[in-house]
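**Q** Mind folding the following:
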Amino acid sequence: MSKPFCASGGSVAADSGAHRPYKIGLAGGRGVGKSVATERLTLLGAKVISTDEITHELLDNPGPAYYQVLRRFGANLAPVKDGPIDRDVLAGIVFAAGADAEKADLEAILFPCVNQRIDEIMAGMSEKELAFIEVPLLHEAGMADFFDEVWCITAPEALQVQWVMQRDGVTEPEARNLIRQHGLTQDEKANLSDVVLVNDSTREAFEAKVDAEYRACVKRAEAKRAEAVQAAVDATANDRYRHVFTSLGEIGVAEAVERLGNVARTKHKKATAKLSMDVDSSDGQHPDASRRLEVEVRMEIRNTPGGSGNGGCSCGCGPECRVSCACQPDCGCSCRKPAPPPPTPPDGCDHGCGDCNHRRYPRLWLLVLAFFALLAFLFAVIVLVRQPSQHTDNGGKIVIVTPPCPGTCKGKDSAPPDDSGGVFRPPSAPPPVVKPCKPCDKHVVNEIPEYAFRFTHNAVRVQLRTWEISCGGSCEGATVDGFSEDHQLLVHQEFDKDYWLTYQYVFTYFPDGTTQVDKFEGRQNIFVGRTVYRFNAGLLARAEMYDGMQRLLFTATYSRTSSVPMALSVETFDPTSGARSGKRTVVGVGNMEEYVQENFYAYDRVKP
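**A** All right, here's what the predicted structure looks like:
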């Protein structure tokens, strides 16, 4: 499909909203009552722009778009020279089966011209006005993000068919065919819109719905315009304050340099300049709170080693070095004040301690320390000898009974007893080195592995019949998939190198095609969240994400044309209140696939 008419710029896809009208996209299928809504909105004071009317104007009057259409699709489309193009014949060409290229060519011709005309209309509108732009195939063209909000008008299918038959004078099959030419179904259009108006009763009742929603829209437009104005005010204040800070900084630098004085030859010098300014401004409509701006500039000159200087001083301070620079610990000079001589020790004592009693027992403290070290060593030997075994009295004979060896006795500290009455003997050779096992391929078993048994829920365990197990290159950890009798995946488990559960997915399948995926994590097997996949005719229609308290977090709903996904509508919800907190649209098959893969559980393992 070619580029949407409002994607090239202009007022339809304009700025943040401070100086442009509030834009509402008006979508809906054929024969649902869009004309009734636009007539009512016009009476209420809104500006309504119909892309269909602009298109008719382009095809009815000679101009650049008019002649391009004739060159591309044939001059016979205009029965009369420079007369209106037969739109029914043109529709038969571009909406025919397999005519995607023809449709794209027509859109490439008309969309820029329609866009230009909308720009001209909105250029003359006030920023306080509301502009309703009627685009029947709004969602199919991926244009929802170019409007402040999107309204969708729907009607029950029976009424829609009846109104198309009455208005266009066609049979029921022809009416249904015309309705199908409008791309997405009504439910899909409604799911992608912000406001949905259902035309299911009398004209008066429907007009009352339009009136109520228009009043609410006016309030939303005023609130958004106020936000845009405040954002512009904040941007202006930011520029003003940055300019003030820059000016204060330049003044502070000049003042600090002035205070340093002569910086050609100097000792240590420091200078600080601190400036402040009180700002209080208001234009009467957008008050700006008072604030104090402060700038502090610090400058410092340090002497660093270099040159021989005079008098053996390397800092270049000359004769004053020992008087001033050497007194500064961070000066950088190599010269320092001489250290005072040590005090003279008392007569006969060469230790400077003033008490020479230590000469009588020069090594006594070393002997005491060695004695206590020997006691500690003997105590440690006794504990180590007694700890591995137990002593029993067997008829006056002391026998060392070795504790039973757990498991298969492959540990490096264990050794089997010989046949000499159970007396422990050290191993004659070191234990063999256990080589790492080879990578194990996926294999199928009919019994649940022991390490997986304790983490598998009872309700799932009774349904399982086969297990597929695979492990890593060092046989550390495992991946376990459990299947039912008809080979439906019921559980997917991941284990670490100690065969403790890392996480697992539990799959539940419902008769209506819904698949539920519950995730459990850690050794405690804690429930952390749930994904619900809903399918329609074998295709994924909607995915829902819940947290560990089963509160709805976000949903993703597909919009499709036939079996091809057109867009993915994502809605987020506040887990506490349940209210919708955000909405976005993902387009492009690759982008939609990546989003669902990253945000929902086990998407690649789910089947309808």
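**Q** Just the element for residue 379, please.
**A** helix 364-386 (DSSP states H and E).
**Q** For that helix, name the packing helices and strands.
**A** Contact partners of helix 364-386 among helices and strands, from 3 or more Cβ pairs under 8 Å, 6 or more residues apart in numbering; DSSP states H and E: none. For the C-beta atoms, the positions are set from N, CA and C on the backbone; glycine is no exception.
**Q** Next secondary structure after the host helix or strand of residue 534?
**A** Mapping residue 534 onto the secondary structure by DSSP H and E places it in strand 526-536. Downstream of strand 526-536, the first helix or strand assigned by DSSP H and E is strand 539-547.
**Q** partners of the helix or strand just after that next one, with directions?
**A** Sequence order places strand 552-561 as the next helix or strand after strand 539-547, per DSSP H and E. Paired neighbours of strand 552-561 in the sheet (DSSP bridges): strand 539-547 (antiparallel), strand 564-573 (antiparallel).
**Q** Output these in TSV, with mean neighbour count, mean pLDDT and distance to residue 594 appended to each entry.
**A** Listed next are those as TSV, based on neighbours: other Cβ atoms under 10 Å; pLDDT from 0 to 100; distance: least, Cβ to Cβ, whole Å:
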stretch	mean neighbour count	mean pLDDT	distance to residue 594
strand 539-547	18	93	13
strand 564-573	18	86	10
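**Q** Between those strands, which one is closest to residue 182.
**A** strand 564-573 (12.9 Å; Cβ to Cβ).
**Q** isn't residue 58 right up against residue 67?
**A** No - in this structure, residue 58 is not within contact of residue 67 by Cβ atoms under 8 Å, at 10.8 Å.
**Q** out of the two, which sits in the busier spot?
**A** Shown here are residue 58 and residue 67; by other Cβ atoms under 10 Å, residue 58 has more neighbours (20 against 14).
**Q** mind checking how far residue 463 is from residue 501?
**A** According to Cβ to Cβ, to the nearest Å, residue 463 and residue 501 sit 19 Å apart.
**Q** Below-threshold pLDDT in this structure: ranges please.
**A** Residues of the chain meeting the criterion pLDDT under 70: 1-19, 263-268, 279-290, 302-363, 383-441, 472-475, 561-564, 607-608.
**Q** thinking again about what came up before, neighbour-wise, which of residue 463 and residue 501 wins?
**A** Set residue 463 next to residue 501 and count neighbours by other Cβ under 10 Å: residue 501 wins out with 21 against 13.
**Q** Show me where the stretch 151-300 of the chain has its helices.
**A** 157-168, 172-180, 186-191, 203-260 (DSSP state H, counting those that start in this stretch).
**Q** residues of the shortest one that come out buried?
**A** With burial defined by 16 or more other Cβ atoms under 10 Å, the residues of helix 186-191 counted as buried are 186, 188-191.
**Q** And it, what does it pack against?
**A** In terms of contacts (3+ Cβ pairs under 8 Å, 6+ apart), helix 186-191 is packed against strand 22-28, strand 149-154, strand 552-561.
**Q** what do you get if the cut-off is 10 Å, keeping everything else the same?
**A** The contact analysis (3 or more Cβ pairs under 10 Å, 6 or more residues apart in numbering; DSSP states H and E) places helix 186-191 against strand 22-28, strand 149-154, strand 195-198, strand 539-547, strand 552-561, strand 564-573.
**Q** And for the longest one?
**A** With contacts defined as 3+ Cβ pairs under 10 Å, 6+ apart, the packing partners of helix 203-260 are strand 22-28, helix 34-43, strand 130-134, strand 149-154, strand 195-198, strand 269-281, strand 288-301.
**Q** again, 7 Å this time
**A** Applying 3 or more Cβ pairs under 7 Å, 6 or more residues apart in numbering; DSSP states H and E, we find helix 203-260 packed against strand 22-28, helix 34-43, strand 130-134, strand 195-198, strand 269-281, strand 288-301.
**Q** Quick one: work out the angle between it and helix 34-43.
**A** Helix 203-260 and helix 34-43 are oriented at 60 degrees to each other (axes from the mean of the first three to the mean of the last three Cα atoms, to 10 degrees).
**Q** ok, how many other residues are close to the nearest residue to residue 29 once chain neighbours are set aside?
**A** Nearest-residue entry for residue 29: residue 182, 4.7 Å, with adjacent residues in sequence omitted and distances by Cβ to Cβ, 6 or more residues apart in numbering. Using other Cβ under 10 Å, the number of residues around residue 182 comes to 18.
**Q** How about residue 246?
**A** By other Cβ under 10 Å, the residues close to residue 246 number 11.
**Q** who wins for proximity to residue 149 among the strands paired with strand 552-561?
**A** Smallest distance to residue 149 across those (Cβ to Cβ): 14.2 Å, for strand 564-573.
**Q** With residue 57 as the reference, measure out to residue 74.
**A** For residue 74, the distance to residue 57 equals 21 Å [Cβ to Cβ].
**Q** picking up where we left off before, my read is that the residue nearest to residue 29 contacts residue 136, right?
**A** Yes - using Cβ atoms under 7 Å, residue 182 makes contact with residue 136 at a distance of 6.3 Å.
**Q** Please tell me how far residue 225 sits from residue 20.
**A** Relative to residue 20, and taking Cβ to Cβ, residue 225 is found at 9 Å.
**Q** So for the two, which residue has more residues nearby?
**A** Neighbours per residue, other Cβ under 10 Å: of residue 225 and residue 20, the larger number sits with residue 20, 21 against 18.
**Q** tell me the SS of the more buried one?
**A** For residue 20, the secondary structure call by DSSP: H, G, I helix; E, B strand; the rest coil comes out as coil.
**Q** how about the residue nearest to residue 29, phi and psi?
**A** According to degrees, to the nearest 10, the main-chain angles of residue 182 amount to phi -90, psi 30.
**Q** what sits against it?
**A** In this structure, residue 182 makes contact with 29-30, 136-137, judged by Cβ atoms under 7 Å, 6 or more residues apart in numbering.
**Q** what touches both of residue 225 and residue 20?
**A** Both residue 225 and residue 20 are contacted by residue 127, under the criterion Cβ under 7 Å, 6+ apart.
**Q** For residue 553, which non-adjacent residue is closest in space?
**A** Nearest in space to residue 553, with sequence neighbours left out and distances taken as Cβ to Cβ, 6+ apart, is residue 545 at 4.8 Å.
**Q** so how far is residue 582 from the one you found?
**A** Applying Cβ to Cβ, one obtains 14 Å for the distance of residue 545 from residue 582.
**Q** Residue 270 contacts residue 297, correct?
**A** No - counting by Cβ under 7 Å, residue 270 stays clear of residue 297, with 11.5 Å between them.
**Q** related to what we said a few turns ago, between residue 74 and residue 57, which is the more surrounded one?
**A** For residue 74 and residue 57, the more surrounded residue by other Cβ under 10 Å is residue 57, and the numbers stand at 16 against 12.
**Q** so what's the more buried one up against?
**A** Contacts of residue 57 by Cβ under 7 Å, 6+ apart: none found.
**Q** so how far is residue 114 from it?
**A** Distance from residue 57 to residue 114, by Cβ to Cβ: 10 Å.
**Q** now do residue 239
**A** Going from residue 239 to residue 114 by Cβ to Cβ gives 38 Å.
**Q** Between the two, point out the one with more neighbours.
**A** For residue 239 versus residue 114, the count of surrounding residues by other Cβ under 10 Å is larger for residue 114: 23 against 9.
**Q** right, and the secondary structure at that one would be what?
**A** Taking three-state DSSP as the rule, one finds residue 114 in the helix state.
**Q** neighbour count winner among residue 270 and residue 297?
**A** In terms of neighbours (other Cβ under 10 Å), residue 297 is the more surrounded of residue 270 and residue 297; the figures are 19 against 12.
**Q** So the more buried one sits against residue 251, correct?
**A** No - using Cβ under 7 Å, residue 297 is not in contact with residue 251, being 8.9 Å away.
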